[in-house]
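A.B. asks: build the 3D model from these lines:
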Amino acid sequence: MKIPAYLLIILCAILYNPVYGQNNSPGRATVKLNKEIFTILKNNSMFSNKLDWRGIQEESKTLSLTTNDSANQQMLYNFYTEKLRAAGDKHSFFVSSKRMKQIAETPVAEWPQGDYLGDGVAWVKVPKCLSFDETKDARFADTIRLIIQKLDTENNIAGWIVDLRHNTGGNMWPMLAGLNALIVDGTAGYFVFGSMEEKRPWPNENGKISGKPANISTYKIKNNSVKIAVLLDARTGSSGEMTAVSLLGLPNVKSFGQTSAGYTTANYTFNLSNGDQLQLARTFVADRNGKGYPENIKPDVFIDDVSNTRHDRVIAAAKAWLLEK
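C.D. replies: Residues are numbered from 1 along each chain as shown. Next up is the predicted model:
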C-alpha cells in the first residue's frame, strides 16, 4: 500500500522527535535545555559511570512538560538532581539567574572574626562566603588578613586557631586568600579526577584570589612555623572543607572537633542557555601531600562538644596542643 506523502511527514515527526508526556508541547527552549543538561552531566559528572544514561534519556521524554518553560525548567532540574543524588552525588545543584542576582545584592550575613585568647593564642573565625560579587570576595579575604595582621602585630603569637565550624561553604577562594597570611605560598591541594593518577593542583598565592591579583593586604605573619589548629564540625561543608584541606598536610597543623559534613567534591560552574547555572561535582579533593578526602574530613582529635563557642572544649583542646612544648 502506498502511503501518502503528508502521512510520511507526520510519521517521521513522531519517530524522530521526543514525546514529552501526552498532549504536551514543550517549546524549543525546554527541549534545548534538556539536551544541554543531559550532555553536560554525561560528559562531566564524577558520577557519570554510575548512571544509566540511555534509561535517563528515555525517561526524560516521558516527563509531563508543557508550554510553560519556567515550570519545565524546574521539573528538569528536579529530575536530574534526583538522578545525581541516587548515584551518590549530594553536592551538585542548579541555581537560577534570579537567585544569583539576589545573592549578589544581599549584604554579607557574617564576616570573619578574630580575638586574642591569651597565652600567645590567636583565634580566627572564618564563616561561609556566599557571594557572586568580586568586590565582596575581596573584602572578605582582606578582612581575614587584617584580623591576622592586627593580632600578629599586637601580640607575641605562639599558635593560631582557624575556626571553620559552621562554615557551610560558598566560595573557597576568598577564604584561602585570607588565610594565606598564615602560610607560605604554593600548592594548597589538588582536584582529583576519577583516580589519584589525574590531579590538578590548586595554588595559594599572596595577594591573589583564584589565581588573579586582588586588592587585598599582602601581610604575612612574623613566624609561619608556629602551630595552627584547624577546628571542624558537622556543619563544616563544601568550601569550608576545601579551606580546611588547604591547611591540612602542613607539619605544623592539627585538626580538632567533629567529622565534617562530607561535601568534599569540587563543584564546577556550567552556564546554561537560559541564564541559569549548573554547579556540578566533577572531582574530589586531596591535600598538599596527596591524601584524598573523597567522603569527609575526620579530625585528628575528636571532641564531642558541639557548642561552637570560643570557650568550649574544642577550643580548650586546641589551645592545650598549641601551648605544648
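A.B. asks: so where is the stretch 51-200 of the chain shaky, pLDDT-wise?
C.D. replies: Applying pLDDT under 70 to the stretch 51-200 of the chain flags the ranges 195-197.
A.B. asks: residues contacting residue 155?
C.D. replies: By CB atoms under 8 Å, 6 or more residues apart in numbering, the contact list for residue 155 reads 116, 120, 122. To be clear about C-beta, it is placed using only N, CA and C from the backbone, and glycine gets the same treatment.
A.B. asks: for residue 94, see how far away it is.
C.D. replies: According to CB to CB, to the nearest Å, residue 155 stands 46 Å off from residue 94.
A.B. asks: picking that back up, quick check, nearest of the contacts of residue 155 to residue 292?
C.D. replies: The shortest gap between residue 292 and any of the contacts of residue 155 belongs to residue 122, at 30.5 Å (CB to CB).
A.B. asks: so the closest residue to that closest one other than its chain neighbours, which state does it fall into?
C.D. replies: With sequence-adjacent residues excluded and distances taken as CB to CB, 6 or more residues apart in numbering, residue 122 is closest to residue 151, at 4.2 Å. Put simply, residue 151 is helix when judged by DSSP: H, G, I helix; E, B strand; the rest coil.
A.B. asks: how about residue 261?
C.D. replies: Remark: residue 261 carries the secondary structure label coil [criterion: three-state DSSP].
A.B. asks: just the pLDDT for the nearest residue to it once chain neighbours are set aside.
C.D. replies: Once flanking residues are discounted, residue 261 sits nearest to residue 237: 3.2 Å by CB to CB, 6+ apart. For residue 237, the pLDDT comes out at 96.
A.B. asks: right, and residue 151 touches residue 117 too?
C.D. replies: No: if you go by CB atoms under 8 Å, residue 151 and residue 117 don't touch, sitting 9.8 Å apart.
A.B. asks: how close does the nearest residue to residue 205 once chain neighbours are set aside get to residue 218?
C.D. replies: Distances taken as CB to CB, 6+ apart place residue 185 nearest to residue 205, at 5.0 Å, with adjacent residues excluded. Separation of residue 185 from residue 218 (CB to CB) stands at 11 Å.
A.B. asks: again, but for residue 120
C.D. replies: Distance, residue 120 to residue 218, by CB to CB: 24 Å.
A.B. asks: out of these two, which sits in the more crowded spot?
C.D. replies: For the pair residue 120 and residue 218, the greater number of neighbours falls to residue 120 (16 against 11), based on other CB atoms under 10 Å.
A.B. asks: was I right to think the more buried one contacts residue 223?
C.D. replies: No: with contact defined as CB under 8 Å, residue 120 does not count as touching residue 223 (10.9 Å).
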